[in-house]
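> only geometry, no sequence info:
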């Protein structure tokens, strides 16, 4: 069961199209997995459409008489269009638009990827995004997605069975969407579909017993807080 979701403000920004591309990508991937957020997005989309309709209707009401068009002017415009587009196949267009069976809805096919002994499904939102080669460091593997926008990095992260990420905090923010498996940290247990936003106010050490695959978006480097892993902090901006 999915317990962690984007907040209401983020879902509204997603519908309005004002999120950074990488953040919109990970929100879209979560919505694909989460019926609760699908309902929220559908409702927000309907509200946005109604607002546009109301605005257009209000604008039409305030048109002054000198801005309106007479029937004669409309007829002349139609005649001009027909004369300039004599080879336009109106009959074919009419048949397609009047017959719902002629409409074509393209849905990207689901793609499955295997890393180590874990197979997972790529969200449809990622189907056209180029994935770079996996880089391995012990039980942790990362494949950068060719989808960086400004300072945001987007990656797939795999942690093998009984693996963990050293204790760290974040210089910027990091969004994690769990695509397969589960992991836990000091704040709780996370399962497939969970959407987790962390920043410099959080310090944690993710660990997984069964292994997991995550989609991540980060705006800055991790900052390791314990043990020999702190030696990597000077290189943090190169490896996040």
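Ah, there it is. Just so we're clear, the structure is a prediction, and the values are computed from it rather than from any experiment. Numbers count the residues shown, from 1 in each chain.
> can you show me the helices along this structure?
Under the criterion DSSP state H, the chain contains helices at 8-16, 21-33, 35-61, 71-84, 90-98, 236-239.
> what's the second one in contact with?
So the one you mean is helix 21-33. 2, 5-6, 10-11, 14, 17, 19, 37-38, 41, 123-126, 129, 147-149, 152-154, 175, 177, 179, 192-193, 195, 215-217 (Cβ atoms under 8 Å, 6 or more residues apart in numbering). Yep, even glycine has a C-beta here, placed from its N, CA and C like the rest.
> buried only: go through these for me.
2, 5-6, 10-11, 14, 19, 37, 41, 123, 125-126, 147, 152-154, 175, 177, 179, 192-193, 195, 215-217 (16 or more other Cβ atoms under 10 Å).
> find me the pLDDT at the most centrally placed residue in the chain, would you?
The C-alpha lying nearest the average C-alpha coordinate of the chain belongs to residue 25 (Cα atoms, centre = their mean; 2.1 Å). Model confidence at residue 25, expressed as pLDDT, equals 95.
> ok, now residue 142?
At residue 142, the pLDDT value in this model is 93.
> can you pull the buried residues of stretch 158-174?
For stretch 158-174, the neighbour count (16+ other Cβ under 10 Å) marks 158-160, 163-171, 173-174 as buried.
> now tabulate those residues in CSV and tack on pLDDT and distance to residue 134.
Shown next, in CSV, are the buried residues of stretch 158-174 (pLDDT from 0 to 100; distance: Cβ to Cβ, whole Å):
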residue, pLDDT, distance to residue 134
158, 95, 8
159, 95, 13
160, 95, 12
163, 94, 14
164, 92, 19
165, 89, 16
166, 87, 20
167, 89, 24
168, 89, 21
169, 89, 26
170, 87, 23
171, 87, 25
173, 93, 24
174, 94, 19
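> what about these, which are in strands?
158-159, 163-164, 168-170, 174 (DSSP state E).
> pLDDT weak spots in this protein?
53-108, 148, 228-229, 231-233, 235-240 (pLDDT under 70).
> to what extent is the residue nearest to residue 130 when sequence neighbours are not counted buried, counted in neighbours?
In space, not counting the residues next to it along the chain, residue 130 is nearest to residue 146; the distance is 3.9 Å by Cβ to Cβ, 6 or more residues apart in numbering. The number of residues packed near residue 146 is 9, by other Cβ atoms under 10 Å.
> report the separation between residue 212 and residue 20.
As judged by Cβ to Cβ, to the nearest Å, residue 212 and residue 20 stand 25 Å apart.
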